[in-house]
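[1] Quick one: sequence and predicted model below, then my questions.
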Amino acid sequence: MESNVSTREGGEASSKIEAQMANGAESSEDLTKCERKEDYNSTSIVPFEAVIEFRSAETETGAPVFSSDVVIEILCRLPLRPLAKLQLVCKEWRGFIRGRYLMERNIDRNEVVGHWHNVAVPRDPAKPDHNDERFMLLDGCDGLLLIKSFPTMKLTIWNPATCGVLHLPDPHKNAFGVTFSYVESKGKYLVVSLYDDESGRESCQVLTPGQSESWRPLEFPDVAEAEGRREKHRVQVVAAGEAVHTVLILKVGSTVIKKVVSLDLETECFTVTCFTKTKIKNWRTLWAIDWNGKLALTTIVGNDLHVTELENYKKQRWSQKKEVIPLSFLKEGSNDKDMISLLPLFAKDGDIWFNFGEDVKVIIYTIETGRTTPMNSRGLLPVGKLYPYKPTLVGFQGMQQDAKFGNRWSSLLKLG
């Protein structure tokens, strides 16, 4: 295996690696069940185990030195840099290395290496050109970042590990929420944009990056129950699992509407769920977050976090029991300003991530032990997006190398 790689090293190999890392058309294929490759010149599907057995080093009798299971396990444990070089062994290996199975194994094995988030960047009189272009992190998925440029409002998907950049078609100018998700049942990524149309009503469009050159409109349900002037009290968009939820608190005329509109990414169909009965004095203290792959409405009462989970959006069913989680760190001398600025971001694997305090620290609160772990997050905006980042080789057809773009991005966002 080493001899195959060594013959391709050097300047020419490096350029090939960069091009392949930025232009992975088959990276979104689902290889979870059966590692396989679809030949570029035929429609036949070959089990990856057979390819490994054929490519493995052999003894004089022709028997492979390593079984296919062992070779697969070795590849799954390698870091990204050697994996990038091993893509040059053959098309089959490249398909597997960039496939879903290996990527998930690597993500599960590796620890978080950084946290991309928005930072407040002051204007620099010495660099007027840089002040004209600002960036915001909208979402992250599988080592890819979805960012928006101001004032152009253009969207770009960027892989910091490979420096691959994919510029997306322009979304609607009145977008109020954009998400980026992997749809396992389809083996595809999907970008969803929620926006207000010319009449002020909520609308939706979707895009398959690397495959679509234009947005597809979806008919967003009309949640209004009365005619009149529409006033938005609270609108939040949360991607959780294989659904995108739009939490709406609207006032239309004299009627207050409190509903969750859920877009199922597999079927691209909407479900409307009315709010569970809850007493909240100020709707601005209500935060919708991703709670272990489901939507949850959260609010802080005293020193406790109250959580109401949308148990099954397809059946429009909320959890019957509200979860109350004591936040022990609030009892350790936190002041009123800290309480006001405490903002839940998301919950995963028994941990809750918060923005906390006037200086906007990020902490991870472990529910079972009550332990808090501070994160290096200086400069995070109170409404900024946080993405726990793990590098991958995922890419899309049409991705290009753009080191200049990456340098501008890195200077305006924090990876800490």
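    Everything's here; your move. As the structure is a computational prediction, the values presented were derived from the model and not from experiment.
[2] Which strand residues bridge the closest residue to Pro374 other than its chain neighbours?
    Computed as C-beta to C-beta, 6 or more residues apart in numbering, the closest residue to Pro374 that is not its neighbour in sequence is Ile363, at 5.3 Å. For glycine as for every other residue, the C-beta is placed from the backbone atoms N, C-alpha and C. Judged by DSSP bridges, the bridge partners of Ile363 are Phe354, Pro374.
[3] how about Ile363, what does it touch?
    Ile363 makes contacts with Phe329, Trp353, Phe354, Phe356, Thr372, Thr373, Pro374, Met375, as judged by C-beta atoms under 8 Å, 6 or more residues apart in numbering.
[4] repeat for Leu155
    Leu138, Leu146, Ile147, Lys148, Ser149, His167, Leu168, Asp170, Pro171, Val178, Val191.
[5] which ones among these are found in strands?
    Those of those mapping onto strands are Leu138, Leu146, Ile147, Lys148, Ser149, His167, Val178, Val191, per DSSP state E.
[6] nearest residue to Phe346 other than its sequence neighbours?
    Asp290 (4.4 Å).
[7] Now flag whichever of the contacts of Ile363 is closest to Val89.
    Met375 (38.5 Å; C-beta to C-beta).
[8] I figured the closest one hits Asn355, correct?
    No - under the criterion of C-beta atoms under 8 Å, Met375 makes no contact with Asn355, lying 10.1 Å away.
[9] Mind listing the shared neighbours of these two?
    Lys361, Val362.
[10] Give me the more crowded residue out of the two.
    The residue with more neighbours, out of Met375 and Asn355, is Asn355; 21 against 18, by other C-beta atoms under 10 Å.
[11] wait, isn't the more buried one in contact with Ser341?
    Yes - between Asn355 and Ser341 there is a contact at 6.9 Å, judged by C-beta under 8 Å.
[12] tell me the SS of Glu111?
    With DSSP: H, G, I helix; E, B strand; the rest coil as the basis, Glu111 sits in coil.
[13] any idea what sits nearest it, other than its immediate chain neighbours?
    Using C-beta to C-beta, 6+ apart, the closest residue to Glu111 is Lys390 (7.9 Å).
[14] what residues are up against that neighbour?
    Asn106, Ile107, Asn110, Glu111, Val112, Val113, Gly143 are the contacts of Lys390 under C-beta under 8 Å, 6+ apart.
[15] Quickly list the domain ranges of the chain.
    What automatic domain parsing lists as the domains of the chain is 2-109, 114-415.
[16] Give me the number of neighbouring residues for the nearest residue to Ser328 once chain neighbours are set aside.
    Closest residue to Ser328 apart from its sequence neighbours, by C-beta to C-beta, 6+ apart: Gly370 at 4.2 Å. Under the neighbour criterion other C-beta under 10 Å, Gly370 is assigned a count of 13.
[17] On the pLDDT front, check Gly370 for me.
    Looking at Gly370, its pLDDT reads 90.
[18] what about it, distance to Pro344?
    16 Å (C-beta to C-beta, to the nearest Å).
[19] With Leu145 instead?
    22 Å.
[20] What segments of the stretch 51-200 of the chain are strands?
    Assigned by DSSP state E, counting those that start in this stretch, the stretch 51-200 of the chain shows strands spanning 114-118, 134-141, 144-150, 155-159, 164-167, 175-183, 188-196.
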